[in-house]
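> sequence plus predicted model, see below.
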Amino acid sequence: MKAIFTCIFLCTIKFSFAASTNSISPGDSIIKKAYKINREEFLEKYGCDDSSRALINFYFKKRNHQKGNFLAGAGALLIAGIAFGSVNNLMNDDKNYNYDNGLPNAQTTFLAIAIIVMAFMGLPLIISGGTLWIIYSRKKLLKLLDRYNNGKSIPRGISRNKMFRGFLLYDRWDYYIKREIKLADLIGINTEKKKMWDEYRNRRLQRNQKNAIPAQ
């Protein structure tokens with residue numbers, strides 16, 4: 001079992017290395033390895049306006065967050081593997097195992113629970129973090145910037161994202177900007193609802209006036 005955890009951890013390290021060093025096919029229009037630069041170099045080379053700079057900041061913020069999740073999941077699995085080794089040693093030690101009722105002692109039980117918790121925490125973080133880390137790759141970012149500079153619009157799913165709009169409007173993203181964007185959305189929704197309600201009420205008033213019986 002310890003070997004399984006070790007293999008999983010080594011695979012995650014290999015996966016993270018492959019995700020950060022994947023190359024572009026020879027037929028790609030983008031120059032090979034042109035995307036293997038940091039955020040500052042992206043901004044300097046491709047940040048031609050507010051939208052392109054917001055797109056670069058958005059992608060790198062997403063990448064760093066998912067990379068953190070991925071590494072946290074790998075760390076959790078590593079801890080689970082170490083804990084499993086300790087449990088295995090305790091179970092094989094006559095002094096630390098209760099043979100009277102066939103149950104492990106408190107220390108062994110605690111480590112076994114820690115293994116389960118770490119495994120359940122680590123696997124989802126590795127899967128989701130690794131997948132999204134690949135989705136928000138620098139290679140894809142460079143392709144989107146290339147399309148944008150050729151007159152194509154930024155994908156709607158990104159342009160309507162709160163984080164992208166925060167970078168576009170304020171050139172940064174934090175708790176206060178997130179709150180401002182959320183408040184602006186609520187005001188916009190409420191304004192739209194009020195407008196729709198006023199239009200509905202005016203139509204009803206006009207219909208009632210037409211159907212009103214003239215006084216005798």
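Thanks, I have it. None of these values were measured; they are calculated from a predicted model. Numbering: from 1, shown residues only.

> where does pLDDT dip in the protein?
Residue ranges of the chain with pLDDT under 70: 1-33, 86-108, 189-190, 192-194, 197, 200-201, 204-205, 208-216.

> roughly how far does L145 sit from G130?
24 Å (C-beta to C-beta, to the nearest Å). For the C-beta atoms, the positions are set from N, CA and C on the backbone; glycine is no exception.

> who's in contact with M196?
The contact partners of M196, taken as C-beta atoms under 8 Å, 6 or more residues apart in numbering, number zero.

> tell me what the longest helix seen in the chain is packed against?
Criterion DSSP state H: the longest helix present in the chain is helix 50-92. Where contact means 3 or more C-beta pairs under 8 Å, 6 or more residues apart in numbering; DSSP states H and E, helix 50-92 is packed against helix 2-21, helix 39-46, helix 106-135, helix 138-149, helix 162-170.

> tell me the most buried of those?
Burial of those is given as mean neighbour count (mean count of other C-beta atoms under 10 Å); helix 162-170 ranks first at a mean of 19.

> got the angle between that one and helix 50-92?
Angle, helix 162-170 to helix 50-92, by axes from the mean of the first three to the mean of the last three C-alpha atoms, to 10 degrees: 140 degrees.

> could you dump helix 162-170 to PDB, C-alpha only?
Taking Å, rounded to 0.1, in the frame of the first residue of the first chain, the C-alpha atoms of helix 162-170 are listed here in PDB:
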ATOM      1  CA  LYS A 162     -16.000  38.300 -12.200                       C
ATOM      2  CA  MET A 163     -12.300  37.900 -11.900                       C
ATOM      3  CA  PHE A 164     -11.600  38.900 -15.500                       C
ATOM      4  CA  ARG A 165     -13.900  42.000 -15.000                       C
ATOM      5  CA  GLY A 166     -12.100  42.800 -11.800                       C
ATOM      6  CA  PHE A 167      -8.700  42.800 -13.600                       C
ATOM      7  CA  LEU A 168     -10.300  44.800 -16.500                       C
ATOM      8  CA  LEU A 169     -11.700  47.500 -14.300                       C
ATOM      9  CA  TYR A 170      -9.300  47.700 -11.400                       C
END
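
> return the residues in contact with L168.
L168 makes contact with 50-51, 54, according to C-beta under 8 Å, 6+ apart.

> ok, back up a step: and the longest helix of the chain with helix 106-135, angle?
150 degrees.
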